[in-house]
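Asker: pasting a predicted model and its sequence here:
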There are 2 protein chains.
Amino acid sequence: MVTKEREKRVTLRDVSRSAGVSPMTVSNVVRGDHHLVKLETRAKVEEAIARLNYRPNLSARSLRLSRASSIGILISDTNPAFLTDPFISRLVSGLSNYLSELDFTLDVQGVSPERFESATILSKAGNDALCVILCGPKRLRRRHVEHLVRMDQPVIIFQENNLPHSNNICLLSQDDFEGGSLIGRHLADKEVRSLLFVRPKLDWVAVEQRERGLRFALGHSGSEINIETIMTPSEDFEDVHQAVKDYLSRSTPDAIVGATDVLGAAALKACADLKIAVPETTLVTGFNGFDVWCYTTPNLTTVMSPAYEMGRQAGQLLLARLKDGVFSERNTVFPVSLQIGASTEAQ
Amino acid sequence: MVTKEREKRVTLRDVSRSAGVSPMTVSNVVRGDHHLVKLETRAKVEEAIARLNYRPNLSARSLRLSRASSIGILISDTNPAFLTDPFISRLVSGLSNYLSELDFTLDVQGVSPERFESATILSKAGNDALCVILCGPKRLRRRHVEHLVRMDQPVIIFQENNLPHSNNICLLSQDDFEGGSLIGRHLADKEVRSLLFVRPKLDWVAVEQRERGLRFALGHSGSEINIETIMTPSEDFEDVHQAVKDYLSRSTPDAIVGATDVLGAAALKACADLKIAVPETTLVTGFNGFDVWCYTTPNLTTVMSPAYEMGRQAGQLLLARLKDGVFSERNTVFPVSLQIGASTEAQ
DNA sequence: TTGAAAGCGTTACCAC
DNA sequence: GTGGTAACGCTTTCAA
């Protein structure tokens, strides 16, 4: 015996009856078609709306218009707290704000890479378009992209670099290769001869690009530079901290490059633990500077990311695509910039 | 002249025609009412679904069932990157994951406190229930709560402590008063005599509670302790850093308590800048420890927050409320715990 | 086990 | 300026 006080929601029809006009008139008022309604009638209707506390039913509107005024964002990540990542939280904030301004709704869902295809956002049709962040091995990501192509719906994929043959897909990324190069050139200028690259085990295109850019710049520096890589089991501070400490107990490189700021911060702490002077003995850098870089002592040298703006831009591209039926731009790359801190340069 | 390639979406009817069965049979298969459908028929239908790439239309389903299987979360914040806050990002992640497991959708929207009432999530009816995080002056928050009561819809409010008379409203918070007390007792044990509390100008109930708990514990410590407060213009690291530095250039307290970890980290950095030894000369603490506390050197003493679990719990309470028509619990308070770091205790 | 009909709340279209 | 009609895609109900 369950108590169900299903008070029926107020409908447009209720308002129309209460105001003594037709449903269509109410609809015209609600939708802001004010030139269709006499001022006096409009006042009556608005009074009734306020009195009855009427709110238009979005499902009904969506069904009627065949559009939901809603975008979904699906984030593939092994970390359950998927919004914790500063890149992702900024991206989603920017997207959400842009959509809000245009009265669009944002559905947010995180999913582990293995369950990607069965995510509600993909298996049910509830959004007009999608944003996606992928991770995992290249093979898997490729499969996910193919799945997205088959969805037959506008999709923006972040931080991916293989543009599929489908004008439903648009790529949006930051120039991580260039970011890696910036770090590489900066360190080469400091005459680094041995370098440790610290990255998470989980595959992200961004991380791969950063490493490629780094190696490219170092390879063209004119000196022989020895690069080693360690993969940390997760991106959790403690895991990274421990992994770097283990490495440093055996060998002290001239520089440590973290694939993200969290990894850089953990490396910094490992150096502090082992009394390795930064920047005097070893230089340390991060990537994707938002907040973390300034929490640390010394400040972390990092590459600044335009994540928030990328989110807004995604909203813009998607809404334009919905209006015009075509993406104005299929592969946008945002510039990044080097932020030099005391972790690589005595102040 | 706009190109509109509005390829009509595949409907249940299309599938039924293609499979040579009635729409109802397809519906039964889609919804998993397998005992109503012969195995052979079901196979035919599933084949057609896969072949046509059919995805059920959520708006139509919602309209028919008068429920959207969707929850909204509205976050009142002056910071545009509202998901950046580690408490909020964990909370939303936990909520999102719980809802995903039950095939519910989560709509996320940030809004500035002044525009609160006009947020799409509130002014249009698209969700079955809401979660809300409030901020701003007490008067304004009270008005927002009243607005939520009038919505006549299940709502969970986080970090609020005045339970209104409405069984549509449920409060979920962490024990920030106790958290403040824990910090206070810890510092009193260290025989602190002068203390600086650093808080953002923007009003959050959590911050107020933390300060009250802190003052309560210090007031009962048996010693005379002088407490001063500074309000930082924002929660941005640089603003806080500067504000604390200004204060420290005039006076050196025995302890600095940050209202959040970011404020604590900024205070730590200000101490480093002015060569004030931590913890030897001044103790420093934060609040809501997630990641930041361990980035700093020394590690920040902080109060750990169960934000992720609070998000999951909110989902649980809300879905139970939708099923049973009544909140099993109207005011849940989550315990917190003290995490002692090197910023208050020589290791 | 399958099918036909009605209706969820809204809006485009056209008549008044 | 205003209102009637039909339809959006789905599921509950009842009949076959």
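Answerer: Structure's in. What do you need? Numbers count the residues shown, from 1 in each chain, chains lettered A, B, ... in the order given.

Asker: okay, CA-based contacts and neighbour counts for the rest of this
Answerer: Fine.

Asker: contacts for the helix or strand bottoming out on mean pLDDT in chain A?
Answerer: When each helix and strand of chain A is scored by mean pLDDT, DSSP states H and E, helix A:292-295 comes last, with a mean of 79. By Cα atoms under 8 Å, 6 or more residues apart in numbering or on different chains, the surrounding residues in contact with helix A:292-295 are A:261-262, A:265, A:286, A:299-302, B:237, B:262, B:265-266, B:269, B:292, B:295-296.

Asker: likewise for stretch A:164-172?
Answerer: So stretch A:164-172 is in contact with A:145, A:149, A:152-161, A:163, A:310, A:314, A:326-327, A:329-334, going by Cα under 8 Å, 6+ apart.

Asker: can we see that at 10 Å?
Answerer: For stretch A:164-172, the surrounding residues in contact (Cα atoms under 10 Å, 6 or more residues apart in numbering or on different chains) are A:129-132, A:142, A:145-146, A:148-163, A:310-311, A:313-314, A:317-318, A:321, A:325-334.

Asker: flag every buried residue along that stretch.
Answerer: Residues of stretch A:164-172 classed as buried: A:164, A:167-172 (neighbour count, 16 or more other Cα atoms under 10 Å in any protein chain shown).

Asker: how about stretch A:109-120?
Answerer: For stretch A:109-120, by 16+ other Cα under 10 Å, it's A:109-113, A:116-117, A:119-120.

Asker: quick one: the helices in chain A?
Answerer: A:12-19, A:23-30, A:39-52, A:58-65, A:86-101, A:120-123, A:138-150, A:176-189, A:205-219, A:237-250, A:261-273, A:292-295, A:307-324 (DSSP state H).

Asker: any idea which of those gets closest to residue B:40?
Answerer: helix A:120-123 (23.4 Å; Cα to Cα).

Asker: buried residues in that closest one?
Answerer: A:120-122.

Asker: go back to the contacts of stretch A:164-172 and keep what's next to chain B.
Answerer: A:150-153, A:325-326 (Cα under 10 Å from any Cα of the partner chain).

Asker: thought residue A:247 was touching residue A:196?
Answerer: Yes. Counting by Cα atoms under 10 Å, residue A:196 is a contact partner of residue A:247 at 9.1 Å.

Asker: more neighbours: which of the two?
Answerer: residue A:196 (22 against 14; other Cα atoms under 10 Å in any protein chain shown).

Asker: so what pLDDT did that one get?
Answerer: pLDDT, residue A:196: 97.

Asker: got it, and residue A:290?
Answerer: Per-residue confidence (pLDDT) for residue A:290: 81.

Asker: any idea how far it lies from residue B:297?
Answerer: In this view, residue A:290 and residue B:297 are 18 Å apart by Cα to Cα, to the nearest Å.

Asker: count of neighbours near the closest residue to DNA strand C within the stretch 201-347 of chain A?
Answerer: Per Cα to the nearest atom of the strand, residue A:323 is where the stretch 201-347 of chain A lies closest to DNA strand C, at 14.0 Å. Residue A:323: 13 surrounding residues under other Cα under 10 Å.

Asker: any idea of the pLDDT on it?
Answerer: 93.

Asker: tell me which parts of the stretch 101-250 of chain A are close to chain B?
Answerer: So far as Cα under 10 Å from any Cα goes, the stretch 101-250 of chain A lies against chain B at A:101-111, A:119-127, A:150-153, A:236-238.
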